[in-house]
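A.B. asks: dropping the sequence and predicted coords here.
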Amino acid sequence: MSEETKASLMTEESVECSSPTSWIGIDLGSDTMVLGSLLESGAVDLLVTETGSRNIKPAVSFQGRQRLIGQEAHDSLMSNVDSTIVDVIQTLEARAEVEKTAVDSTMDENGSITYNVHYEFNNNNATSGETSGDLVAVTARDVVAMLLMKIISLFVKGEGKYIINVAVADAYGENAMRMLHEACQIAAAMAPHNNITFYTCKGSNCMIRRYNQQHAPKGEEHEEVKEEKADEGESTEEKTKVEEGKTEGVHEKKKKVEEDEGEGEEENKVKENDTSKRVVLVDVGKAFTTVSLCFLKESGALRNLETTSSHFGCHDLDNVLYGMVVENLGKKGCDVSSIKQGSRKYLRIMKECVSARKILSANRHTMVVLEVFGENGESYSFEVTREEFEQKSERLMASFTGILSQAMTSTGTEKSMVEFVELVGGGTSVPMVQSIISEVTGIEEDKLRVTLDRSSCVAIGATLLAGEVELRKGVKDVVVNQAPELLNKEDLISLCNTFSAMQQQDNELKKTRDARNQLEGYIFSSRNLTSQKHGKLIKETETNTLLSEALDWLDSHDTDATSAEDYYTRFVELKEKIEVLNKEYYDFVREEEEKRAQERAQEEEAWAKERGSEDKEDHDNRKLPTAKRMQQVLRNKQEATELFKGGNFAHATARYARALGLTSKFFDLNPEEKKEVDEIITVLHLNLAMCYIKQEQWKKAVSECDEALASDSTNPKAYYRKAYALECMKDIDEAFKIGKKGAKLAPEDSALAKLVKRLDGKKKKQLQQEKKMYAKMFG
């Protein structure tokens, strides 16, 4: 922890930032965290990680001296089950059974979880208590603080003021909110420039805010809940104080909020009016379900009447599938008694169950395949049908019916009063979930609306609310509240010292790991020089001798005992020797690179002249008719296709991305229009994946394929392009798995079949090479 941060913690003075304010919203989901940033135009930009992903996995992994956070941690789960935490968001609300892993954990009388993980970390200040050998106690609060610090490191840049609004499940109780607020306090204190203020809000308010932004007319969008008058001790001047530099209309919007206080009291009495119109918002996530029953104003805005929330989610459905899989394994002679909760086999089954649930949402049946699963390497496969899945889930779905019925009953809402239902969250795509929603609300299944993006709705709402914090000063706000500082200064400093030491250890390890990877990558890429253009100029024998010597040195030097400087020095020496030895080859390569750079510069110049300043539509938030908005999307798509055909892949990427952004501006779509838009979105993601493949940006290509599969889980092109990108990343095992899965879903696709055959050959060749290498090492 810096001296500046420590000094600020020891004083009661607040830090004022003269730089512009930035607003970030976080959907703290149990499965993924989605983030948004508020633009000056009032639109929300969904944030993307360094790997091109639109979400962050809420996972933290400890192994040796290494600590991983986010996607890296989640990816390490299978190889590090006893020290990878993936269930922290739900365990804040004492729901540890949702994704049980092998991590040793205890729960106190308040429901607070403490994990005991294997972590070689020497520090006088333990994060949560005792440290024994390499066993470190880490609380759920600490893990959430780590996740928030990861977000800050990715998206908080510079010294400007940041307001971060964290949206959580409505089911969160007092203890869960206390731990979240403490985590926010720690993360804010650890921020490099001490420039972050955390706020928290419930997911239901974010859904309503997002709905009002998209569907309510301008000036009516701030209608989420009833506001109450401020304390009498506050002056009128304090109530109307507005931060300098805010956009025009802030004073008017604030006046609107204060004027609506009396109106809200009247509208909260609409239960007595049987003719009033109601709207139901349903969010089914991984671990929690939230149902908000709202009053629909004549203006089109929603005002919340009642919100019910429960510990029901997709994972409960996955558990039903898990029971079906285990039952089938037992019938096929597999020893299911050896499958323990949290074990690798358990996690493998659960992964297949998640995939099966998604496929069954669009298909009547699917195959579950567990390769090399048995004690003696046996593989198992069997069919799972939607009909059987629904039968096994009947008792579970009764609890979901109760959540919806409670909201309807408590507000005196009859089926005839429900105007429409909006679906949010991945769980609402499950047919039996939709069937129950239709039965309870009286809205036909094909008329259930999905005009709010299922995955980003809460994040967008949280971001919009973050931008309105200043507007709500002077009223007691039940929508968004500043996270209180619950930890005393001494405890906070001690915790910050511990986290600072962890970060320092992380940085040192990353620097060493990057240096080793740089050397290793150079060795293996140099082995393929002979297959490249001008490869005949390579002096193969001498080059391979140098590479083998470097590989032997790499194998004999462990990361823990070798510094980053040693790895880097060895890399520089090897690179210099290889380039001197093959000078003629590298002269040709450099000459061609310079030529390509000149061509790209000319393309950029021509592009800038051609396009000029035509892209004003990026800030177009008008509610255009569906047909007109579709014209914009298709025009950008067509232009992107022409650019792609001409080899201008970077510009094509920008055009496809612009077309994709325009698809978020549709509203009030009927089922047929919604289907058409979804199909175009899938195509745009696939086209973006191809653009990234052409530019050799493999991770981004994989991310776009994942987005395409999220909307169309059986699309063969998505499987092919993802497998191809993974192959180019040298991840042959994962590429083969994805390709094989796609081939099973589309057996008629010859391209996928050829890809799987090629990958199978590479796997076998890779295995043979590994055998030779081990024979050389141990022979």
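C.D. replies: Yep, it's here.
A.B. asks: give me the contacts around stretch 368-375.
C.D. replies: Contact with stretch 368-375 is made by 325, 328-329, 334-335, 338, 345, 348-349, 352-353, 356, 378-384, 744, as judged by C-beta atoms under 8 Å, 6 or more residues apart in numbering. Just so you know, the C-beta spots here come from the backbone N, C-alpha and C atoms, and that holds for glycine as well.
A.B. asks: rerun that using 7 Å as the cut-off
C.D. replies: Surrounding stretch 368-375, the residues in contact under the criterion C-beta atoms under 7 Å, 6 or more residues apart in numbering are 325, 334-335, 345, 348, 352, 356, 379-382, 384.
A.B. asks: just the buried residues of that stretch, please?
C.D. replies: 368-370, 373-374 (16 or more other C-beta atoms under 10 Å).
A.B. asks: thinking again about what came up before, in TSV: the contacts of stretch 368-375, plus pLDDT, neighbour count and distance to V291.
C.D. replies: Shown next, in TSV, are those (pLDDT from 0 to 100; neighbours: other C-beta atoms under 10 Å; distance: C-beta to C-beta, whole Å):
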residue	pLDDT	neighbour count	distance to V291
V325	95	22	30
C334	92	19	40
D335	90	10	42
K345	92	17	36
R348	92	15	33
E352	93	20	30
A356	94	23	26
S379	92	10	42
Y380	93	18	38
S381	92	13	38
F382	91	15	35
V384	94	21	28
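A.B. asks: Y199 falls within a helix, correct?
C.D. replies: No - secondary structure of Y199 (DSSP: H, G, I helix; E, B strand; the rest coil): strand, not part of a helix.
A.B. asks: any idea how far the nearest residue to it once chain neighbours are set aside is from S37?
C.D. replies: In space, and not counting its chain neighbours, Y199 is closest to N165: 4.5 Å by C-beta to C-beta, 6 or more residues apart in numbering. Separation of N165 from S37 (C-beta to C-beta, to the nearest Å): 11 Å.
A.B. asks: same question for E707.
C.D. replies: Counting by C-beta to C-beta, the gap from E707 to S37 is 19 Å.
A.B. asks: which of the two has more residues huddled nearby?
C.D. replies: The neighbour comparison of E707 against S37 (other C-beta atoms under 10 Å) goes to E707, with 22 against 19.
A.B. asks: what does the helix or strand containing the more buried one rub up against?
C.D. replies: Using DSSP states H and E, E707 sits in helix 698-711. Under the criterion C-beta under 7 Å, 6+ apart, residues 51-53, 678, 681-682, 685-686, 688-689, 692-693, 715, 718, 721-722, 725-726, 728-729 lie in contact with helix 698-711.
A.B. asks: if any of the residues you listed are buried, put those into a ChimeraX selection.
C.D. replies: Of the contacts of helix 698-711, the buried ones can be selected in ChimeraX as follows, counting by 16+ other C-beta under 10 Å:
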select :52,53,681,682,685,686,688,689,692,693,715,718,721,722,725,726
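A.B. asks: and G52, what does it touch?
C.D. replies: G52 neighbours (C-beta under 7 Å, 6+ apart): 699-700, 703.
A.B. asks: how about it: what's its closest non-neighbour residue?
C.D. replies: K700 (3.7 Å).
A.B. asks: tell me how many other residues crowd the one you found.
C.D. replies: Using other C-beta under 10 Å, K700 is surrounded by 21 other residues.
A.B. asks: what do you get for L660?
C.D. replies: Applying other C-beta under 10 Å, we find 22 residues neighbouring L660.
A.B. asks: from C705, how far off is T441?
C.D. replies: Taken as C-beta to C-beta, the spacing of T441 relative to C705 amounts to 35 Å.
A.B. asks: same thing with N116?
C.D. replies: From N116 across to C705, the span is 38 Å (C-beta to C-beta).
A.B. asks: more neighbours: which of these two?
C.D. replies: Neighbour count, other C-beta under 10 Å: between N116 and C705, C705 has more, with 29 against 19.
A.B. asks: the more buried one: what's its closest spatial neighbour, skipping adjacent residues?
C.D. replies: Sequence neighbours aside, K722 is the residue nearest to C705 in space, at 3.6 Å (criterion: C-beta to C-beta, 6+ apart).
A.B. asks: returning to what we had before: redo the contacts of G52 as TSV? Include pLDDT and distance to E120.
C.D. replies: Below are those laid out as TSV (pLDDT from 0 to 100; distance: C-beta to C-beta, whole Å):
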residue	pLDDT	distance to E120
K699	88	29
K700	89	34
S703	90	33
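A.B. asks: could you dump the residues you listed to a markdown table with distance to G661?
C.D. replies: Below are the contacts of G52 laid out as a markdown table (distance: C-beta to C-beta, whole Å):
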| residue | distance to G661 |
| --- | --- |
| K699 | 21 |
| K700 | 16 |
| S703 | 16 |
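A.B. asks: kindly indicate which of those residues lies nearest K762.
C.D. replies: Proximity of the contacts of G52 to K762 (C-beta to C-beta) peaks at K699, which lies at 19.9 Å.
A.B. asks: biggest helix in this structure, by residue count?
C.D. replies: Ranked by residue count and defined by DSSP state H, the top helix of the chain is helix 489-526.
A.B. asks: for that helix, packing partners?
C.D. replies: Judged by 3 or more C-beta pairs under 7 Å, 6 or more residues apart in numbering; DSSP states H and E, helix 489-526 is in contact with helix 3-9, strand 66-69, helix 174-190, helix 540-555, helix 564-581.
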